[in-house]
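In: Below is the structure, and that's it, no one-letter string:
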Ligand code: BG6
């Protein structure tokens, strides 16, 4: 029996389709996409009439491909161990197609194979093409798909084809614009799904629910009550085997321009007029448009870049960035960024947003922390000693949850005041950890919902903010790299920036 056809499934109304993954032998497919498809299938979220094809340049049989996917699922799935009964029938829906990315013949054969699957599995001509390849291949794959009849004009057919494009979408404002122009020759915006996997995280989606389904926070969510906001994306991992990639990208392109800007815009946006993809994305773009452009003095004082040296992570000695595989011993690529931003609109006038992200920091932790203004110090202030500010922390990962720090009277006659935390934890409240971001995003694309994908103008606007900074960095060599120890919280200049603003980074 087809396990995707069991009666209690939630996939009844999902269109049948085939997902074709370009770059099917790559790292992302192994670690994220294969486990995501497996878990979607297992939880009844894939259409009953479904197939997935891996498209890559290496020769291999369907059987070898299935075996590799099974190993990846075993290693990386959030649910373990693999369900052998489910796997047995699910694997029959997985196929492999060998071709170069620029070979017309390969696309013609793919088209023929897809049509064969349509008649065998009733997948009805619906396609998701997932481009999990190096960015230089995005345009050629999209062009070849179009020229070989694999991308349809939605208005003319009753089946659909959609393309998921992995990040990075461009390297700066002009390359992102050029890439967009090129792909727009073949692909309509409604078919284009630019992935930023942060948007697929449950806790990131919950930012909107938290803000707009609760009345008590919205009235405080502005410059009158908020002193400043800190957004942190800390990772304890280094760059692993991704030396080539990271030497090209650096942390600003890898994390700040996309993931952190998504967090910032969801945190700061105005309420959308509806929950439609365009209404939400319109409001996010407005936030990006309101970010104050950097000036020369910001480059020197309001933005800190860092690179890790040797150090210890979890008690184990680790290499410096410049000693990592495929990294130049003189590399000036940043593995840490901290900055101060302002959003020049009515709601946020004068409120600093401090962003910091880095590799090889002491622990993994992503959060948005909202620091409220101090209470007037007339009643409970003890001499010059101020009470702690109220802090609302939205923990994106790990230990997903939301906490609110409030001041409280310690029991007893002497009445000292102590900050305490009200804490909500997803894991303990809902009894399970949230699904992986990629599961949600693949599912949304199959459903034709682009809300959690980045629109072209969002991506371009975000690049516009950072392009002058990237150019400034390109033309100036940091003399002090490496400037933080692996296992520390980053360069001392980042602390100094906060001190000069009479603030400090929150301890994670
Ligand atoms: C990716 C970056 O987009 O996000 C990686 O390329 C980074 O460098 C990763 O490690 C972080 O994702 P997550 O989901 O683990 O926070």
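Out: Arrived safely. Everything numeric here is computed off the predicted structure, so don't read it as measured data.

In: where do the strands sit along the stretch 351-500 of the chain?
Out: 352-358, 365-372, 391-397, 401-409, 417-425, 484-486 (DSSP state E, counting those that start in this stretch).

In: Same question for the stretch 151-300 of the chain.
Out: Assigned by DSSP E, counting those that start in this stretch, the stretch 151-300 of the chain shows strands spanning 161-165, 192-194, 226-234.

In: Burial-wise, tell me which of these comes out on top.
Out: Among the strands of the stretch 151-300 of the chain, strand 161-165 has the highest mean neighbour count (mean count of other Cβ atoms under 10 Å), at a mean of 24. Where you see a C-beta, it was placed from the backbone N, CA and C, and this is true even at glycine.

In: so what secondary structure elements neighbour that one?
Out: Packed against strand 161-165 by the contact rule (3 or more Cβ pairs under 8 Å, 6 or more residues apart in numbering; DSSP states H and E) you find strand 127-131, helix 138-147, strand 192-194, helix 437-447.

In: Could you verify that residue 53 is part of a strand?
Out: Yes - assessed with DSSP: H, G, I helix; E, B strand; the rest coil, residue 53 lies in a strand.

In: wait, isn't it in contact with residue 20?
Out: Yes - in this structure residue 53 lies within contact range of residue 20 using Cβ atoms under 8 Å: 4.7 Å.

In: before we move on, back to that, want to throw the strands of the stretch 351-500 of the chain into a markdown table with mean neighbour count, mean pLDDT and distance to residue 69?
Out: Shown next, in a markdown table, are the strands of the stretch 351-500 of the chain (neighbours: other Cβ atoms under 10 Å; pLDDT from 0 to 100; distance: least, Cβ to Cβ, whole Å):
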| stretch | mean neighbour count | mean pLDDT | distance to residue 69 |
| --- | --- | --- | --- |
| strand 352-358 | 23 | 98 | 32 |
| strand 365-372 | 22 | 98 | 28 |
| strand 391-397 | 21 | 95 | 25 |
| strand 401-409 | 16 | 94 | 33 |
| strand 417-425 | 13 | 93 | 33 |
| strand 484-486 | 22 | 98 | 34 |
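
In: In CSV, list those strands along with distance to residue 312.
Out: Formatted as CSV, those follow (distance: least, Cβ to Cβ, whole Å):
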stretch, distance to residue 312
strand 352-358, 16
strand 365-372, 18
strand 391-397, 23
strand 401-409, 28
strand 417-425, 29
strand 484-486, 7
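
In: Relative to the ligand, how far out is residue 507?
Out: From residue 507 over to the ligand the distance is 20 Å, taken as Cβ to the nearest ligand atom, to the nearest Å.

In: And for that residue, the neighbour number?
Out: 5 (other Cβ atoms under 10 Å).

In: which of the helices and strands packed on strand 161-165 is buried the deepest?
Out: strand 127-131 (a mean of 24).

In: Touching it from outside, list them.
Out: Strand 127-131 has contacts (Cβ atoms under 8 Å, 6 or more residues apart in numbering) with 17-23, 33, 114, 137-138, 141-142, 145, 150-151, 160-166, 442, 445-446.

In: now swap in stretch 476-488 and tell me
Out: By Cβ under 8 Å, 6+ apart, stretch 476-488 touches 236, 238, 305-313, 318-322, 331-332, 334, 336, 358, 360-362, 490-493.
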